[in-house]
Structures are given as structure tokens and as C-alpha cells.
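> take this sequence and fold it.
(4 chains)
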There are 2 protein chains.
Amino acid sequence: MKPTLQAVADAVGVSRSTVSNAYARPDQLSAALRERILETARQIGYPGPDPTARSLRRGFVGAVGVLFTSQLSYAFTDPFAVRFLAGVATAAERHRTSLLLVPLPDDVAGARRAVENAAVDGFCVYCAGHESWALDAICGRGLPFVTTAPSADAGPNDRYAGIDERAAAHAAAAHVAGLGHRRVALLGDTVLPDTPAGRLRLTAVADVPHPTTRGRLAGFADAFAEVGVAWPELTVLNASANNRAAGAAAVRAALAGPTPPTAVLACSDVLALGVLDALAEAGGPPVSVTGFDDIAEAAAAGLTTVRQPAEDKGRIAAQLLLDPPADPAAGHVLLPTELVVRASTGPVPRS
Amino acid sequence: MKPTLQAVADAVGVSRSTVSNAYARPDQLSAALRERILETARQIGYPGPDPTARSLRRGFVGAVGVLFTSQLSYAFTDPFAVRFLAGVATAAERHRTSLLLVPLPDDVAGARRAVENAAVDGFCVYCAGHESWALDAICGRGLPFVTTAPSADAGPNDRYAGIDERAAAHAAAAHVAGLGHRRVALLGDTVLPDTPAGRLRLTAVADVPHPTTRGRLAGFADAFAEVGVAWPELTVLNASANNRAAGAAAVRAALAGPTPPTAVLACSDVLALGVLDALAEAGGPPVSVTGFDDIAEAAAAGLTTVRQPAEDKGRIAAQLLLDPPADPAAGHVLLPTELVVRASTGPVPRS
DNA sequence: GATCCAGACTGAATCGATTTAGAGAGGTGT
DNA sequence: ACACCTCTCTAAATCGATTCAGTCTGGATC
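So this is what the prediction gives:
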């Protein structure tokens, strides 16, 4: 049985309070006694106040939870998520706060309980794609949180660090449209839930549940509408997951079809890289491809993409959580994005 | 003020115990009453038992700590560390256990307190390079832990998932020696603490404090000793950190010197990639380069390297922590490594 | 009809600390 | 010599749950 604070108190012959003060408030006792207490603690092997007991009494934990859209182990395979996390970690370091990565089971009930059982002071929600249950559960506990996009039922006090998805996507699409492309495919992951990979019949962008994907698709559509290509003329492709293989798989059938697109606009770089893989393996006339995020691999692959500041997003989100600005308006941060044109986009080939 | 379990008990007109049981032991009360309790809880907005209080009483937390050699934010920029983490996350998911990433301040005292204040059931220590204070602190709390290498003061009950560093490094060096290289440089990061980047005078490998680096340098040295190149004839280069730029910086002076090495053996892929950068920028005769880890970028760069299973390392380490094998011998896992020969190594050019 | 038992629920101790209000000792100013 | 501080340190309430050892009720058994 590990010694407790009580044991130290007994050994030194002082009260519990004094031992507690020796650790947490050195100014409350004489330096000599403090030293004696700490020395005795060392001798009997007391490792310092129990973190759990301390948290219970103090009412805060010193850790913030990080919630990911999908599997925790997946998050580490997504370059953008990793950079986001790096940013969060930077802010956490400054605040001497730990990060609790909470794995969420597949079922909503279990996931909800996981959120309810996390010992944290607040949550950093990587993606507002979480159906409202996550935010519900967090609010139910009265905990603060930040997201990476305005939430649907946004109170004026909620905070986020995100980008203007629609405008950013518009920039990429406008570039492609400017190159003359009119027969294009839009590629996203889990555009609609429980839908097979490949071409999707989507009446309206508004039907897409995931706000990020919805915003980007809307931005793509805006740009094409401006050049006279209406929504129904656009092909929407669904990938089963946000990774390279899924991107390749989703696009293959479309490329093999009778009227393949001359350009594919993807909602993320990893999907776009998958498209490049599929193109390389299929041969055929050149197809322009754009991605989103500008991860490291994008530069190497010559992928035209929309850059967003990944680390900043994480860092600022965590900062917003850890010391909330006095002015609620300052809780809504829009980060800059930039179209990065590389070799993967070019004019429509003459057929 | 959030409602407590007591409030629910009062509202329903039962005892605290019963409400507690409604959440944690459904078999201890009638289904009807349980439903009534849960419903009332919902009505008055009780979010379920407080995780902190529960942890205190139950004596366990449901989270394991992950400790990194250096800055937490750095860990996310190191591809190998990220893959390790992905493995840890996989095991954590299976056990429905959370991961607590604990940022460590620069000072040892502060770092020690950070370890002592972490609310976790055990620790996964990414690198035994942590001077013993970390393991001391963990043991002082009586918590279980696993490392990625046998620790110096290894009790028979400690657990680790690692590789045979020395043998693995030997393989790389033997390959380079077999190509005829005799004038070689060994490159590691923080080979000696508080030492500037560049060439290092190192009397014996045993002086290197970091066990991983020590093991790899020893393995390199073994292979060259076998072909008659003694330790003093080997150049040891020190990098200020484990990243690409530091690798490049560490090797520059040596390349510009009068008798540059014909091969550079690095203790990690990121350092080796830095060496390739420096070579590309310097021009000059070809220099063979080997790395260690086989991260994704290594393949793209054509880097000869020693592959080690990063995700497995993390996953197995976490498994060892989360459900310890009955047989203590099973707590020592050595993972396979493999020399991957690519274009970055070749015969010594005729001068 | 007495006994026994299973099921449903309660009481009270307990986990290990923090913190507020206040007690007692010793020193200062007038 | 008295009131008044300042310094140290203590007592006791408190944080919010879990759990062991019962108690009580109603039905089955012999």
C-alpha cells in the first residue's frame, strides 16, 4: 500500500493540511518545516499528492480531451491530422496541460459514454462532422470546447478555429474552370453515410451531412456555376475513407467510363494523391487534379492544392480553449488559405 | 452547479448506492427502477458519474500516459514517433483506454512533477533515453510501465518492446563495409549532451549516454572492426536534433574537409535525409548514405536503411502494458529488423 | 407455521487530497 | 500593559462517487 499524505503527516507529526501546503503552497509554512516534510516524504516513499484526489478536490484536471472524427489510430495516419495535433501539442505545452486522446467506440451510445467518462477540463473537437451527440455530451457536462468549424447550432459563445471552406474550395475550382475544364468530378470521402464508393447521385449539396465536405463541394459548385456548369452536370464521387487507396478506388470507374472527367477536384490531398495513383496506373489522356490541405506529400507529387495552416489551426484551437478571449467575437478565428498551383493541373487536352 | 448523483437519488427517492448501481451494475436493481433513475437523471441534466470521483474511489483511471524523449510537439514532427503512436493508439482502442500525452518541461524537476501528477494507470515510455528520473518517478508511484528498450537497471519484471539495436546497425554497416568503404562517418543526434553539432571526439562508444544511439553506434563499429577499421579511425558526427536540417548541418563541415568520408551511416532516416540534402547541395563525388527506421520518405528518396516495425513496436508496447503476460519472459519482445538496400549506397568511387 | 432464501435496496465507511476559518505563539507600537 | 499584527499551523468540511455488509420483503419449501 502506497503511503498517503496522512502517513507523511503522522511521520512528521504535523497535520494533513500542513503537508498539503508543503506541496502546493510553500508560503504557508516555514521553509525549515517544509524541508523536513519533503525529506520525510522522500524517506517513506511518498510520491506526492495523488493526482486523482487532487483533481476531485480542486475541481479541475489539467488535461484537455481531443476528439477525432474517426478511429484514433486512423488520426495518426492522416498527415493533416498529425500536423493539427502538433499544433494542439504546442499550445498544450505552453499551458502545461496534458492531452487526453479518447478512442471512440463505433456505436454512438458507447462513444457518448466515452466522452462523458473522460477526465478532462474541456474538449478540442477535431472535426465538427461529429454528429451533435458529441457536442451534446460535452455541453451536458458543462465543459468548454472548441471546434474547427462553426457548429450548426452555434451559440454566440462557442469558439472555433477554421477556414472559409467554401471560399477556399472556390479558389481551386475557379482555377480549374479557368483552364477550360467543364467535365469535372468532385471527390469527397463519406459524402453520404453508408454509401458505396464511386459515383453518387446527389440532388443538392445541402444534403451532405459533413459540414467540411459540404462546404468544399459547395465552393467547387459555385465556381462552376459561374462559368455556366450547373450542379447536375457535375459528377460527385464518394470515397469510402479519407486515404490514398480509397481515393484511387473511388475514381477508377469514372476514369474508365465513356466520358471520363478532364479534371478531378478532391476534398483532401490524400484523396487527390489516390487519384494520381489511379491515373498513373490507368494511363490515358492527362486529367487535372486538385487536392486540399497542402500536406508535405503534395509538394513532392506536384499536386495543385489549397493550402491551409494545419499547425496554426491546432495551436489556435487549443489556445482558444485554454485561455478564452474576453471578447466572444475573438473566439471565431478564420485562418487564411492559399491556392498553390503545381503541375497536376493544366489546360484541357484537345481530343 | 451541476447535479450530482445525490441529486438524482433525492429526486427519485432512493439511496445514492442505488443510483450508482443503476450506472455501474444494472444487475443490482430491478430494470424498472433503473429505467426510472436514468430517466430522472436525464430530466435534471445529470451527465453520469463524475469521472474523477469514480477514478478516486475505484483506484484506477482508464488511461495510460505516453512519455516522449523530447518536446511533445516535436514528437508529431518525427515520422517514426508518429507511427509508434499509431500503434499505441491501436492497442488503446482495443482496450478502451485513453492516452494521456504529457508534455514535459525542460527542467528535470518540473518534468518529474509532470510525471507524478499525471492521472494514469501506467506509462508507455517511448524512449529509454529518459534519464532514470522518469522511470524512478513512475516506480515511485508504483505504476507499471513499458519501454522500447531494456532499461539499465532492468528488473526481471520490467517489460519492453524493442529491437536488437546493435545487431540491426551492424547489418547496415556490414553492407557498407562490404562495398569497400573504409573512411566513414557515423551520425547521431545528441551523441553527447551539450555538445555542438559536427565532429566529435569520442573515446569509447560506452560514453554515449543515450542507449539507442549507443547501441547503433556500437553496431556500426562492430562491422568496421571486423574489416580492420578500428574505432579511432571512424569519424563521429553529432547533430543538434533529430531532424533533417540538423542532419544536414552536422555533416556539412565533414564533407567540405580535406578527406571527406566516402560513406555516412546515420542513426535515423531523418538525419540521413538531411545528409542527402547536404550532398545534393554540395555536389562532389558520390557518398554512400544509410539511415535507420525506414520511414515513408526513405523509400521515395532511395535511402538504404534498416527497417523496423514502427506500428508494431507501439502496439506491442501498449499491449504489454495493458495486459501483462503471465510469464515475465514474455514481457521482453524483440522485433525483427531488416536491411533495405536502395540506391543511396554503392561502391567506393575510384579517386 | 416456521424456516430459509433470493432479490431489491440502503447505510456508512472510504478513496486521498484541498481549503476556509480560526487558534495559538511571538513580536511591535504606544 | 494592552491592543493589534503577523506567522505558523490545525480542525473539519468537502469534492462525488463506490462498495461491503446488512436489512427488509415476499415467496417457496418442508
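
> count of residues packed around the nearest residue to A:Ile44 once chain neighbours are set aside?
The shortest distance from A:Ile44 to any residue other than its chain neighbours is 5.1 Å, reached at A:Pro3 (Cβ to Cβ, 6 or more residues apart in numbering or on different chains). Heads up, the C-betas are built off the backbone N, CA and C, glycines and all. Here the number of neighbours of A:Pro3 (other Cβ atoms under 10 Å in any protein chain shown) works out to 16.

> does A:Pro3 touch A:Gly45 like I think?
Yes: the pair A:Pro3 and A:Gly45 qualifies as a contact (Cβ atoms under 8 Å) at a distance of 6.0 Å.

> now do the same contact list for the closest residue to A:Ala296 other than its chain neighbours.
Among residues not flanking A:Ala296 along the chain, A:Pro79 sits closest, at 6.5 Å (Cβ to Cβ, 6+ apart). With contact set as Cβ atoms under 8 Å, 6 or more residues apart in numbering or on different chains, A:Pro79 has these partners: A:269-270, A:293, A:295-297.

> next one: A:Pro286
Under the criterion of Cβ under 8 Å, 6+ apart, the neighbours of A:Pro286 are A:346, A:349.

> quick one: classify it as helix, strand or coil.
Here A:Pro286 takes the coil state, with states given by DSSP: H, G, I helix; E, B strand; the rest coil.

> let me know the pLDDT of it.
What the model reports for A:Pro286 is a pLDDT of 94.

> how about it, phi and psi?
Dihedral angles of A:Pro286 (phi, psi; degrees, to the nearest 10) stand at phi -60, psi 140.

> excluding its backbone neighbours, what's nearest A:Gly302?
Taking Cβ to Cβ, 6+ apart, and ignoring the residues beside it in sequence, A:Gly302 has A:Ala343 as its nearest neighbour in space, at 3.7 Å.

> quick one: the one you found and A:Gly188, what's the gap?
Per Cβ to Cβ, to the nearest Å, A:Ala343 is found 23 Å from A:Gly188.

> which one's more surrounded, these two?
A:Gly188 (29 against 10).

> and that one, how close does it get to A:Ala221?
Note on A:Gly188: its distance to A:Ala221, by Cβ to Cβ, is 12 Å.

> just A:Asn243 next, same as before
To A:Ala221, A:Asn243 is 25 Å away according to Cβ to Cβ.

> tell me which of those two has more neighbours.
Summary of the neighbour comparison: A:Asn243 and A:Ala221, criterion other Cβ under 10 Å, with A:Ala221 having more neighbours (22 against 19).

> got a winner among the contacts of A:Pro79 for most neighbours?
Busiest of these [other Cβ under 10 Å] is A:Asp269, holding 29 neighbours.

> that one contacts A:Thr305, correct?
Yes: between A:Asp269 and A:Thr305 there is a contact under Cβ under 8 Å: 5.6 Å.

> overlap in contacts, those two.
In contact with both A:Asp269 and A:Thr305: A:291-294, A:298, using Cβ under 8 Å, 6+ apart.

> reformat the residues you listed as TSV; add distance to DNA strand D and pLDDT.
TSV is the format used below for the shared contacts of A:Asp269 and A:Thr305 (distance: Cβ to the nearest atom of the strand, whole Å; pLDDT from 0 to 100):
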residue	distance to DNA strand D	pLDDT
A:Gly291	46	98
A:Phe292	43	98
A:Asp293	41	97
A:Asp294	45	98
A:Ala298	47	97
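
> and which of those residues is nearest to DNA strand C?
Within these, the smallest distance to DNA strand C is 42.9 Å, found for A:Asp293 (Cβ to the nearest atom of the strand).

> distance-wise, check the closest one relative to A:Val82.
Per Cβ to Cβ, A:Asp293 is found 11 Å from A:Val82.

> so where's the stretch 51-200 of chain A shaky on pLDDT?
Low-confidence segments of the stretch 51-200 of chain A, defined by pLDDT under 70: A:128-131, A:152-156.

> what about 80?
For the stretch 51-200 of chain A, the stretches with pLDDT under 80 are A:69, A:127-131, A:151-157.

> please enumerate the strands of it.
Chain-ordered strands for the stretch 51-200 of chain A, with DSSP state E, counting those that start in this stretch as the definition, fall at A:63-67, A:98-101, A:123-125, A:145-147, A:159-163, A:184-189, A:198-200.

> looking at the stretch 151-300 of chain A, which residue is nearest DNA strand D?
Taking Cβ to the nearest atom of the strand, the stretch 151-300 of chain A has A:Asn157 as its residue nearest DNA strand D, at 22.3 Å.

> returning to that earlier point: how about the secondary structure of the residue nearest to A:Ile44?
With three-state DSSP as the basis, the three-state label of A:Pro3 is coil.

> need the contact list for it.
Contacts for A:Pro3 were tallied using Cβ under 8 Å, 6+ apart; they are A:44-46.

> reformat those as CSV; add neighbour count and pLDDT.
Compiled in CSV, the contacts of A:Pro3 are given as follows (neighbours: other Cβ atoms under 10 Å in any protein chain shown; pLDDT from 0 to 100):
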residue, neighbour count, pLDDT
A:Ile44, 13, 96
A:Gly45, 14, 96
A:Tyr46, 23, 97
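
> nearest residue to the one residue sitting closest to the centre of chain A in space, please, no chain neighbours.
A centroid search over chain A (Cα atoms, centre = their mean) returns A:Tyr126, at 2.9 Å, as the residue closest to the centre. Excluding the flanking residues, the one nearest A:Tyr126 by Cβ to Cβ, 6+ apart is A:Phe68, at 4.9 Å.

> pull the number of nearby residues for the closest residue to A:Leu67 other than its chain neighbours.
By the measure of Cβ to Cβ, 6+ apart, the closest residue to A:Leu67 outside its immediate chain neighbours is A:Val125, 4.7 Å from it. Neighbours of A:Val125 under the rule other Cβ under 10 Å: 25.

> for A:Val125, give me its contacts.
Neighbouring residues of A:Val125 by Cβ under 8 Å, 6+ apart: A:67, A:134-135, A:138, A:145-148.

> if you set the cut-off to 10 Å instead, what comes out?
Taking Cβ atoms under 10 Å, 6 or more residues apart in numbering or on different chains as the definition of contact, the neighbours of A:Val125 are A:65-69, A:115, A:134-135, A:138, A:145-149, A:151, A:160, A:317, A:321.

> what do you get for A:Leu217?
Listed by Cβ under 10 Å, 6+ apart, the contact set of A:Leu217 reads A:165-166, A:169, A:173, A:186-188, A:191, A:202, A:205-206, A:208, A:210, A:231, A:234, A:236, A:265, A:267.

> over to A:Phe80?
A:126, A:242, A:268-270, A:292-295, A:308, A:310, A:313 are the contacts of A:Phe80 under Cβ under 10 Å, 6+ apart.

> distance to B:Arg25 added to these, as CSV?
Putting the contacts of A:Phe80 into CSV (distance: Cβ to Cβ, whole Å) gives the following:
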residue, distance to B:Arg25
A:Tyr126, 34
A:Asn242, 40
A:Ser268, 45
A:Asp269, 48
A:Val270, 45
A:Phe292, 48
A:Asp293, 47
A:Asp294, 51
A:Ile295, 47
A:Gln308, 48
A:Ala310, 45
A:Lys313, 43
